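Enquirer: coords please:
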Amino acid sequence: MRRLKKTSPFLAGTFFLCLFLVRFAAAGQAGDAFVMPAVAEPTNLIPLLASDSASAEVSRFIFNGLLKYDGDLQLVGDLAESWEVKDGGLTLIFHLRKNVRWQDGYLFSGRDVVFTYLSLVDPDVPTPYGAAFEKVESVLAPDAETVVVRYKEPFSPGLSSWTMGILPMHILVNQDLSRTDFAKSPVGTGPYSLKRWVRGELIELRANPGYFEGMPAIERVVFRVLPDPATVFLELQNENLDTAGLTPLQFNRQIQTGFFKKNYRAYNWSGQQYTYLGYNLDSPLFSDKRVRQAMAMAVDQQAIIRAVLMGRGRAITGPFLPDSWAYDAQVKPYPYEPAAALGLLREAGWQDTDGDGILDREGKKFAFTVLTNAGNDARKMTCEMLQRQLAQIGIQMRIQPMEWSTLLKEFIHPRRFEAVLLGWNLALDPDVFDIFHSSRTAPGHFNFVQFRNAEGDRLLEEARTTFDTDKRRELYQRFHRLVREEQPYLFLFTSESLAVLHRRFEGVTEGKLGVGHDFVRWYVPSGERRYRSAPTADE
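Expert: A predicted model of the protein is given here:
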């Protein structure tokens, strides 16, 4: 552990004695491990740089925000025990928990919150989350246990933005966040700390005995890097994993035939996801919206849902999911009309002039490559169906799967792609500014398709300054209709979350988005534990 700074030897010794006593007292209930698959190696465990799902999933066990969402999707205190909203939303006052410590023993304070904010708005820090803090005028810590946030103008997603993981100032104050070793060896305030990271194999987290809500009963959380779904299912079958998402075929047939017997229960871990084909709008192939509209009319969404998801999904029409209050139910999918699609393409100058079955314009074939992450069977099948359907109207689509971190670093961030088939895990607040606003097109930002639309920008900006839910709904629904017209993405589907959980875990409660929100309260009865106690520091 790092030596306590500005703390007497007596107090430091007392603190570590307390940690020992907490660990000793918890030993009667603590034990076992929770083992889950990671479809890819995390790229960065700093929360404000964790832009991929693998990194975000690991970092959420290590860090805390000021606030968090509970099982009912309500904001509750995390590092802040309470807060006040004043001046019509222009001022937020957070009252921090007392005596919270970083995993190296250093005392957490408001200075860490100020440092995190300054990092988020630092132009030299390539974070995709900075837009959520651009409306902030100042963040001050008048004392160690208070943070005052003042906004330039009302900002409706403001509270939810403070679920961002807070960083330790005492470690990172003089470091370059884009290069620091902290990205691979983080120190947080969270319920688990990083124990070891074996590249390409696993990440092991250990329960934090000094966690402010009490040491978790599940002693270890292990992420095994398993990009191949077949391997994941085999490991699940052999009870070497405690949870995994299943394919619709596995869920429909294997569970119902008794494959999981008494060993597993079905749970929905989270459900704010959709799959899309994203175009590089700077490419001459996709700069004309008539082409993008034609491709939407050439694709049979329902056929894809039946084949890929076995019916366990819904077609989407824009950036909001059907269950969101921002969703406009009047917006319908483009009809599946290949003949009409060909008409639009002819208007845009694309015809099969040489009779080879592929459209061309000014001597250039309508042929492009779709990049997607390797190891995702649903995305692979979706690509294959899109390939067949687009071929029917003379568009040649090639498929290039690749390793996740390579896809991000070498192609997505530098914008070296023609099209990508990916998915979004959405925040609970429907603010999609980071994904679609024209200011968020720089490397590392989320608007990597380069969507730029002045009216869309205005709607997103106004929605962020409106606290009236009905007014925000109207603005988002207008944006929904605009995006349906512009088609920066070919919006495809949202799928049901089909996950299983080993039956030995107790204390599990299901919330509106599934389980996981109260993981620190899970436990395994001593007679049902499968893994030995965690090694001591001497092992």
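Enquirer: from here on, contacts and neighbour counts on C-alpha atoms
Expert: Noted.
Enquirer: okay, strands next: where are they in the stretch 101-250 of the chain?
Expert: Assigned by DSSP state E, counting those that start in this stretch, the stretch 101-250 of the chain shows strands spanning 136-143, 146-151, 192-198, 202-207, 220-225, 243-245.
Enquirer: put together CSV for those, with distance to Ile166 on each row.
Expert: CSV is the format used below for the strands of the stretch 101-250 of the chain (distance: least, Cα to Cα, whole Å):
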stretch, distance to Ile166
strand 136-143, 13
strand 146-151, 13
strand 192-198, 15
strand 202-207, 18
strand 220-225, 21
strand 243-245, 28
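Enquirer: nearest to Gln237, out of the ones you listed?
Expert: Of all these, strand 243-245 sits nearest to Gln237, with 10.5 Å by Cα to Cα.
Enquirer: what mean pLDDT does the closest one have?
Expert: Here strand 243-245 scores 86 as its mean pLDDT.
Enquirer: try stretch 433-446
Expert: Mean predicted confidence for stretch 433-446 is 92.
Enquirer: can you show me the helices along the stretch 301-450 of the chain?
Expert: Ranges of helices within the stretch 301-450 of the chain are 301-309, 338-347, 377-391, 404-406, 433-436, based on DSSP state H, counting those that start in this stretch.
Enquirer: which strands and helices sit next to the fourth one?
Expert: Identification of packing neighbours for helix 404-406 by 3 or more Cα pairs under 8 Å, 6 or more residues apart in numbering; DSSP states H and E yields no helix or strand.
Enquirer: just give the nearest non-adjacent residue to Val136, would you?
Expert: Tyr151 (4.3 Å; Cα to Cα, 6 or more residues apart in numbering).
Enquirer: what about that neighbour, distance to Pro123?
Expert: Counting by Cα to Cα, to the nearest Å, the gap between Tyr151 and Pro123 amounts to 19 Å.
Enquirer: neighbour-wise, which of the two wins?
Expert: Neighbours per residue (other Cα atoms under 10 Å) separate Tyr151 from Pro123, with Tyr151 holding more: 19 against 10.
Enquirer: output the below-cut-off pLDDT ranges for the stretch 1-150 of the chain.
Expert: Low-confidence segments of the stretch 1-150 of the chain (pLDDT under 70): 1-29.
Enquirer: which parts of it are helices?
Expert: Assigned by DSSP H, counting those that start in this stretch, the stretch 1-150 of the chain shows helices spanning 9-26, 53-62, 110-120.
Enquirer: how big is the angle separating the shortest one from strand 192-198?
Expert: Same thing as helix 53-62. Per axes from the mean of the first three to the mean of the last three Cα atoms, to 10 degrees, the angle that helix 53-62 makes with strand 192-198 is 140 degrees.
Enquirer: can you name every helix or strand that helix 53-62 contacts?
Expert: strand 192-198.
Enquirer: what's the strand it packs on in contact with?
Expert: Residues outside strand 192-198 that contact it (Cα atoms under 8 Å, 6 or more residues apart in numbering): 61-62, 103, 185-187, 203-208, 221.
Enquirer: what do you get for stretch 120-132?
Expert: With Cα under 8 Å, 6+ apart, stretch 120-132 has contacts from 48-49, 51, 119, 133-134, 157-158, 161, 177-178, 433-434, 440, 443-446.
Enquirer: 7 Å - rerun?
Expert: 48-49, 51, 119, 133-134, 161, 177-178, 434, 444-446 (Cα atoms under 7 Å, 6 or more residues apart in numbering).
Enquirer: restricted to buried residues, select these in PyMOL.
Expert: Remark: buried members of the contacts of stretch 120-132, expressed as a PyMOL selection using 16 or more other Cα atoms under 10 Å:
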select buried, resi 48+49+51+119+133+161+177+434+444+445+446
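Enquirer: max pairwise distance over the contacts of stretch 120-132: which two?
Expert: Ser161 and Ser178 (21.3 Å).
Enquirer: now Ala329: closest residue in space that isn't a chain neighbour?
Expert: Pro322 (7.4 Å).
Enquirer: state the number of residues packed around that neighbour.
Expert: 16.
Enquirer: got the phi/psi numbers for it?
Expert: phi -60, psi -30 (degrees, to the nearest 10).
Enquirer: tell me, how many residues neighbour the nearest residue to Leu386 once chain neighbours are set aside?
Expert: For Leu386, ignoring the flanking residues on the chain, the nearest one in space by Cα to Cα, 6+ apart is Val299 at 6.7 Å. By other Cα under 10 Å, the residues close to Val299 number 25.
Enquirer: my guess is Val299 contacts Gln389. True?
Expert: Yes - Val299 lies in contact with Gln389 (Cα atoms under 7 Å); the separation is 6.0 Å.
Enquirer: picking up where we left off before, between the contacts of stretch 120-132, which sits nearest Ala348?
Expert: Closest to Ala348, out of all of the contacts of stretch 120-132 and judged by Cα to Cα, is Phe446, at 28.5 Å.
Enquirer: give me the neighbour count for the closest residue to the closest one other than its chain neighbours.
Expert: The shortest distance from Phe446 to any non-neighbouring residue, by Cα to Cα, 6+ apart, is to Ile435 (5.0 Å). Ile435 has 20 neighbours, counted by other Cα under 10 Å.
Enquirer: before we move on, what about Ala427?
Expert: Counted with other Cα under 10 Å, Ala427 comes out at 12.
Enquirer: gap between it and Thr382?
Expert: In terms of Cα to Cα, Ala427 sits 24 Å off from Thr382.
Enquirer: domain parsing for the chain?
Expert: Following automatic domain parsing, the chain resolves into domains at 46-183, 192-270+497-528, 274-495.
Enquirer: columns distance to Gly31 on top of the ones you listed, output as JSON lines?
Expert: Compiled in JSON lines, those are given as follows (distance: least, Cα to Cα, whole Å):
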{"stretch": "domain 46-183", "distance to Gly31": "17"}
{"stretch": "domain 192-270+497-528", "distance to Gly31": "5"}
{"stretch": "domain 274-495", "distance to Gly31": "31"}
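Enquirer: closest one to Asp32 among those domains?
Expert: Judging the domains of the chain by Cα to Cα, what sits closest to Asp32 is domain 192-270+497-528, at 5.8 Å.
Enquirer: ok, back up a step: check contacts around the residue nearest to Val136.
Expert: So Tyr151 contacts Leu90, Thr91, Lys135, Val136, Glu137 (Cα under 7 Å, 6+ apart).
Enquirer: what do you get for Phe519?
Expert: Phe519 touches nothing, counting by Cα under 7 Å, 6+ apart.
Enquirer: same check on Asn425?
Expert: Listed by Cα under 7 Å, 6+ apart, the contact partners of Asn425 are Gln272, Gln273.
Enquirer: so it bridges to which residues?
Expert: Asn425 forms beta bridges with Gln273, as assigned by DSSP bridges.
Enquirer: so how far is Asp518 from it?
Expert: Going from Asn425 to Asp518 by Cα to Cα gives 20 Å.
Enquirer: and stretch 197-204, what's buried?
Expert: For stretch 197-204, using 16+ other Cα under 10 Å, the buried residues are Leu202, Ile203, Glu204.
Enquirer: quick check, nearest of the residues you listed to Phe366?
Expert: Proximity of those to Phe366 (Cα to Cα) peaks at Leu202, which lies at 42.2 Å.
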